[in-house]
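> got a predicted structure here, sequence first:
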Amino acid sequence: MTDAELDILLKDKTDFNKRLRLVASLSRCEDERSVLALKHLAQHDFVYAVRLSAWQALQAKGILIPEPVERPRYAILLERSLARAKRICQKMFDFCQGWYI
């Protein structure tokens with residue numbers, strides 16, 4: 001698997017089963033690239049099952065990272081909504097700031 005294909009699979013958010021299969025295949029590899037990919041999945045993936053399986057694969061290899069915490073879906077959606085509202089308010093402020101000068 002090339003680096004470009006690996007990057008595409010790491011960032012593919014359409015089907016978490018693809019990433020679970022990727023974790024299974026990366027856990028069999030011993031190179032540095034697979035370890036970095038597993039760390040990325042364990043820390044940044046949206047699906048808890050993928051984060052947990054990547055963490056377990058890293059534990060089996062002897063690499064210690066903090067265990068992923070399952071977060072409720074409403075908390076994730078709330079964070080995204082608040083970030084979106086913050087961006088909208090900032091753009092409105094920037095737009096209206098010229099009127100008051």
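Great, that's in hand.
> C-alpha only now, for contacts and for neighbours.
Noted.
> ranges for the helices of this structure?
Along the chain, counting by DSSP state H, helices occupy 3-11, 16-28, 32-44, 48-61, 73-97.
> mean neighbour count, the ones you listed: which tops it?
When the helices of the chain are scored by mean count of other Cα atoms under 10 Å, the highest mean neighbour count falls to helix 48-61 (a mean of 20).
> about what we covered before: nearest to residue 67, of the helices of the chain?
Evaluated over the helices of the chain, closeness to residue 67 peaks at helix 48-61, with 6.6 Å, by Cα to Cα.
> which residues are in contact with the closest one?
16, 19-20, 23-24, 27, 35, 38-39, 41-45, 64-65, 67-71 (Cα atoms under 8 Å, 6 or more residues apart in numbering).
> still on that earlier bit, can I get the helices of the chain in JSON lines with mean pLDDT?
JSON lines is the format used below for the helices of the chain (pLDDT from 0 to 100):
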{"stretch": "helix 3-11", "mean pLDDT": "84"}
{"stretch": "helix 16-28", "mean pLDDT": "92"}
{"stretch": "helix 32-44", "mean pLDDT": "92"}
{"stretch": "helix 48-61", "mean pLDDT": "94"}
{"stretch": "helix 73-97", "mean pLDDT": "90"}
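> can you get me a residue count around residue 68?
Residue 68: 17 surrounding residues under other Cα atoms under 10 Å.
> give the contact list for it.
Applying Cα under 8 Å, 6+ apart to residue 68 gives the contacts 42-43, 48, 51-52, 55.
> same check on residue 37?
Residue 37 sits next to 10, 26 when contact means Cα under 8 Å, 6+ apart.
> residue 47 too?
Residue 47 is in contact with residue 16, counting by Cα under 8 Å, 6+ apart.
> ok, residue 2 to residue 91 distance?
Residue 2 sits 40 Å away from residue 91, going by Cα to Cα, to the nearest Å.
> meant to ask about residue 13
Per Cα to Cα, residue 13 is found 28 Å from residue 91.
> cool, and residue 27?
Taking Cα to Cα, one finds residue 27 at 44 Å from residue 91.
> over to residue 64?
With Cα to Cα as the criterion, residue 64 and residue 91 are 42 Å apart.
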